[in-house]
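[1] based on what follows, work out the 3D shape:
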Amino acid sequence: MTAKYPSTRRRVPASALTLSLLLTLGAAPAFAAETVADEAAAATADAADTGAQIDEDVSRGDIIIVTARRRQETAQEVPVAISVIRGDSIEATGNFNVVKLQQLAPTLQVYTSNPRNTSVNIRGLGVPFGLTSDGFEQGVGIYVDDVYNARVAAATFDFLDVDQVEVLRGPQGSLYGKNTTAGAINITTNQPTFDFEGRAEVTVGNFNYRQAKAAVSGPLTDKIAARIAIATTSRRGTLYNVTSDRWINEQDNLGLRGQLLFQPNEDLSITLAGDYSQQDPECCGTAFVRVGQTQRAIGRQYEALVAAYNAANPTQPYAVPSRNIYDRLTDIDASLNAGNKIGGVSARVKWDVGPGTFTSITAWRFWDWKPENDRDFTGLSIVSRSQNPSQQDQYSQEFRYNYEGDKIDFVVGLFGFKQRIDTQGTEQQGPNASRWSLTNATQISNNILNGLTAINVQYLKSTSAALFGQVSWKVTDALTIQPGARINYDKKSGFYQRRVFTGAGVEISCPSTDAVTAAQCGVYTPQLSAPSASDWNFSYDLNVNYKVAPDVLAYATYAKSFKTVGINQNGLPTDAAGVPIAAAGTVKPESVNHYEIGLKTQFWDRRATFNLTAFRTDIKNFQVTVTNGQFGVLRGYLANAGKVRSQGIEADFKIVASDRFTAYTNGVYTDAKYKRFVDAPCPPELAGGSIPNCDISGQRLPGVSKWAFSYGAETNVPVTLFAKDGQIYLGVDGNYRSHWNSNPSPSIYTDVKGYALTNFRVGFRGDGIDVFGWVRNAFDVNYIELLQVAPGNVGLIAGTPGDARTWGGTIKVSF
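    Residues are numbered from 1 along each chain as shown. Model (predicted):
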């Protein structure tokens, strides 16, 4: 095949695709987002003795090369629902980590109350909404240069020297080392080059926003190249704490990454990489949102409890600083910290051997988490300390062999994974806890809860191994049948011990006939458990795709997948007598049936693309977090919901009208529901009474908007400025999400209203320089990022407001 229109082209060998893409992105307009339609210009493949080559049309736009199927190909050739966000788009729109990436990829949902308690979902599926447990697997895998990141906290760190991000929707078990049932986020960094190059970027903005990035790459010898990158971000907090007289929920991020490439010949390359990132912000606090009535006795609900406190403390009455969250005021009194370190080293070997390519990825990663939280969400000292620092080590090894032939392509791989997580937890009741939690006047007067402390020690050992593969059979030039399979083994063993001490340092045991001790046991109960589980699973998928026309690809996929067995790593629920329920130590695997059909099209001389996907995912034994409404034994534990279904339609459109104008829009309709969950935790309006559980079958899954859209456009005019030929450009991008619920059991008190955000940028782009000003949330829309139900069934709802209008300027230089 050849390009359908004349242009200035250069032919790029497959071995140079990464460098070619880097250079193309460095010179191309910074589009707001590149989705599945990210092939504005023609890309044609020719067979040659040295392998596939791609005709790159430099003058007509960008070629986006993806590795979703573990080989390099253009996005429109991949029979998979995929969004591709380029590195320059991430920088231009200020979406510098996975949490913010959802503004460009509407099918992605990311919610975080702190780095540990972060949910990354696709189509509403992935992990339970709410508190995180080490005892379950992520349904959405995060990969950086083929290395799996087990801890979802990686989503909160800044992207570091990123080339592009691929968001793959649907199960990916037959192509990726770690099994993922909902999708994968495949992050590719810029690689070392044998041509000397570098780039630097500085951004300043309001709220004392500062961001700096730099990278340099080049040869050390004719066979060795190196690359090093650094990035730092800081910003003043967005909530003002009247208690500490400080702004909280700030940003404080530092990241380093280094790579060394050894390429002794055209057939072999070895890349050694190391990275380290740290965060040390005063984070993560909440502000008062509202109060709703629960089933608890009216005198034991928030307003009555505050009134009782004020009656007992007339000289120092309590009142929240504001009942309007958009005043951005809070009064939480406990210490806050979100100290967070992550890093590791890896070795990637790619060897063209025989008729295919052998790849080995060896990696070690760590994560250290040092939190301090205010768990009662108030300025009263009810819970005076709440912290569960963790240390995680993971080791992974993947072997993969890729073969591409005239009729058959295949990928086969082996994957091994091992991790250990150690946690040391402390939670302590404060001087206001007795009045808040107890009803006995004598016990309140004696303040028997003041200083009551629970100390937790726990660890998790996890081992996983898998054999996976996928075959593509080109039945005809138009028809391809693509089956895949995976055999997986998982083993988990945990340990959990909670010891409880009075304010005087005396250890207690439960249950107890002593009235004081019994009351203390109602808040913190000692416990010892050592759950373990192992399981084999077999999963498979089948994709059939057909080229209806040269620029029209239709496909259909069925996948039978699973999420492996889980364990209750953070303690077990107890029965009415306070005895741990041993049977709750393990959580059944999820059983997933996934169906998808799609259409990928290009038209108008390949200047425009339109892609459409319809999907349905049915999950049995959906793994959920059951949240305890009291201050006591457990914050939450894992259980199974009977059945969950997510279905919907996704559409992506992009047009490159000329060198002077490009635009895109992406939309998704998602209908995600609990089909059967008869023993769910009750929402706050039904909690605190005699009903222990509620039937929420038919309710929507939390965190999922039915409608979500993103859009963007950019126009430019040629000018000469700063003695450089270039372009003055104007760009706009935005996103919309309809209302969603912020509680695992949907509540009328935690419904988050829909919102639309709009961002603008204007600047000059020339050879080696890009200077632009930007404004985000330009219309200063008030919106909520997350709502949380305070413990105790008192009816208090706290939350985190989204960013107000921000503005600033960026200077980028490259050579």
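
[2] and residue 674, what does it touch?
    622, 641, 643-644, 680, 696-701 (CB atoms under 8 Å, 6 or more residues apart in numbering). C-betas here are computed from N, CA, C, even on glycine.

[3] do the same with residue 801
    By CB under 8 Å, 6+ apart, the contact set of residue 801 is 238-239, 287, 325-326, 328, 782-785.

[4] look up how far residue 251 lies from it.
    Taking CB to CB, to the nearest Å as the measure, residue 801 falls 15 Å from residue 251.

[5] contact partners for residue 290?
    Residues in contact with residue 290, defined by CB under 8 Å, 6+ apart, are 323, 749, 797.

[6] which stretches of the stretch 651-800 of the chain have low pLDDT?
    Nowhere does the stretch 651-800 of the chain drop to pLDDT under 70.

[7] now the helices for the chain?
    Ranges of helices within the chain are 17-27, 87-93, 98-101, 302-312, 433-437, 441-446, 515-521, based on DSSP state H.

[8] check contacts around the spatially most central residue of the chain.
    With distances taken as CA atoms, centre = their mean, residue 120 lies nearest the centre of the chain, 3.5 Å away. Contacts for residue 120 (CB under 8 Å, 6+ apart) come out as 98, 108-110, 126-127, 138, 140, 142, 152, 155, 185.

[9] now the residue lying closest to residue 678 once chain neighbours are set aside: how far from residue 709?
    Take residue 678 and drop its neighbours on the chain: the residue closest to it by CB to CB, 6 or more residues apart in numbering is residue 695, 4.7 Å away. Per CB to CB, residue 695 is found 33 Å from residue 709.

[10] swap in residue 319?
    Using CB to CB, we find residue 319 at a distance of 40 Å from residue 709.

[11] of these two, give the one with the bigger neighbour count.
    Between residue 319 and residue 709, counting by other CB atoms under 10 Å, residue 709 is the more crowded of the two (18 against 10).

[12] ok, back up a step: to residue 480, which of the helices of the chain lies closest?
    Across the helices of the chain, residue 480 has its closest neighbour in helix 17-27 (21.7 Å, CB to CB).

[13] which stretches of this protein have low pLDDT?
    Applying pLDDT under 70 to the chain flags the ranges 1-64, 68, 576-578, 627-636.

[14] wait, what's in contact with residue 121?
    Contacts of residue 121 by CB under 8 Å, 6+ apart are 108-110, 127, 129, 139-140, 182, 703-704.

[15] and if we set it to 6 Å?
    Residue 121 is in contact with residue 109, counting by CB atoms under 6 Å, 6 or more residues apart in numbering.

[16] what does residue 545 give?
    Residue 545 is in contact with 79, 480, 555, counting by CB under 6 Å, 6+ apart.

[17] neighbour count and distance to residue 415 added to the residues you listed, as CSV?
    CSV is the format used below for these (neighbours: other CB atoms under 10 Å; distance: CB to CB, whole Å):
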residue, neighbour count, distance to residue 415
79, 23, 23
480, 20, 25
555, 21, 26
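
[18] show me these that map onto strands.
    480, 555 (DSSP state E).

[19] for the contacts of residue 545, give me JSON lines that also has distance to residue 376.
    Shown next, in JSON lines, are those (distance: CB to CB, whole Å):
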{"residue": "79", "distance to residue 376": "51"}
{"residue": "480", "distance to residue 376": "57"}
{"residue": "555", "distance to residue 376": "51"}
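
[20] circling back: and the contacts of residue 801, which is closest to residue 173?
    Closest approach to residue 173 among the contacts of residue 801 (CB to CB): residue 785, at 31.4 Å.

[21] ok, residue 751 to residue 735 distance?
    Distance, residue 751 to residue 735, using CB to CB: 19 Å.

[22] so between the two, which is more surrounded?
    More crowded of residue 751 and residue 735, by other CB under 10 Å: residue 735, with 24 against 14.

[23] was I right about that one contacting residue 710?
    Yes - counting by CB atoms under 6 Å, residue 735 touches residue 710, with 4.3 Å between them.

[24] now the strands for the stretch 601-750 of the chain?
    Assigned by DSSP state E, counting those that start in this stretch, the strands in the stretch 601-750 of the chain fall at 608-627, 636-658, 661-676, 707-721, 724-737, 740-741.

[25] may I see the buried residues of the longest one?
    Looking back up the chat, that one is strand 636-658. Neighbour counts over strand 636-658 (16 or more other CB atoms under 10 Å) mark 636-648, 650-656 as buried.

[26] partner strands of it, parallel or antiparallel?
    Each strand paired with strand 636-658, and its direction, by DSSP bridges: strand 608-627 (antiparallel), strand 661-676 (antiparallel).

[27] that older thread, nearest residue to the residue nearest to the centre of the chain in space, please, no chain neighbours.
    Sequence neighbours aside, residue 140 is the residue nearest to residue 120 in space, at 4.8 Å (criterion: CB to CB, 6+ apart).

[28] got it, and residue 747?
    residue 683 (3.6 Å).

[29] give me the number of residues near residue 410?
    17.

[30] residues touching it, list them.
    By CB under 6 Å, 6+ apart, residue 410 lies in contact with 403, 471.

[31] again with residue 730
    Applying CB under 6 Å, 6+ apart, the residues contacting residue 730 are 715, 762.

[32] what's the separation between it and residue 772?
    Distance, residue 730 to residue 772, by CB to CB: 10 Å.

[33] from residue 512, how far out is residue 382?
    According to CB to CB, residue 382 stands 23 Å off from residue 512.

[34] so which residues of the stretch 451-600 of the chain form strands?
    Using DSSP E, counting those that start in this stretch, strands in the stretch 451-600 of the chain cover 453-474, 479-501, 507-508, 527-529, 532-549, 552-563, 566-567, 586-587, 590-603.

[35] give the pairing partners of the first one; include direction for each.
    Paired with strand 453-474 in the same sheet, following DSSP bridges, are strand 408-429 (antiparallel), strand 479-501 (antiparallel).

[36] what comes up buried for that strand?
    453-456, 458-460, 462-464, 466, 468-472.

[37] stretch 661-669 too?
    Buried residues in stretch 661-669, defined by neighbour count with 16+ other CB under 10 Å: 662-669.

[38] with stretch 777-789 instead?
    The neighbour-count check on stretch 777-789 (16+ other CB under 10 Å) flags 777-778, 783-789 as buried.

[39] now distance to residue 409 too, for those, in TSV please.
    As requested, the buried residues of stretch 777-789 are exported to TSV (distance: CB to CB, whole Å):
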residue	distance to residue 409
777	45
778	47
783	45
784	47
785	43
786	43
787	47
788	48
789	50
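
[40] most widely separated two among the residues you listed?
    Across those (CB to CB), the longest gap, 32.4 Å, separates 778 and 789.

[41] and residue 745, how many residues sit next to it?
    27.

[42] go on, residue 266?
    The burial count for residue 266: 10, using other CB under 10 Å.

[43] angles on the backbone of it, please.
    phi -70, psi -20 (degrees, to the nearest 10).
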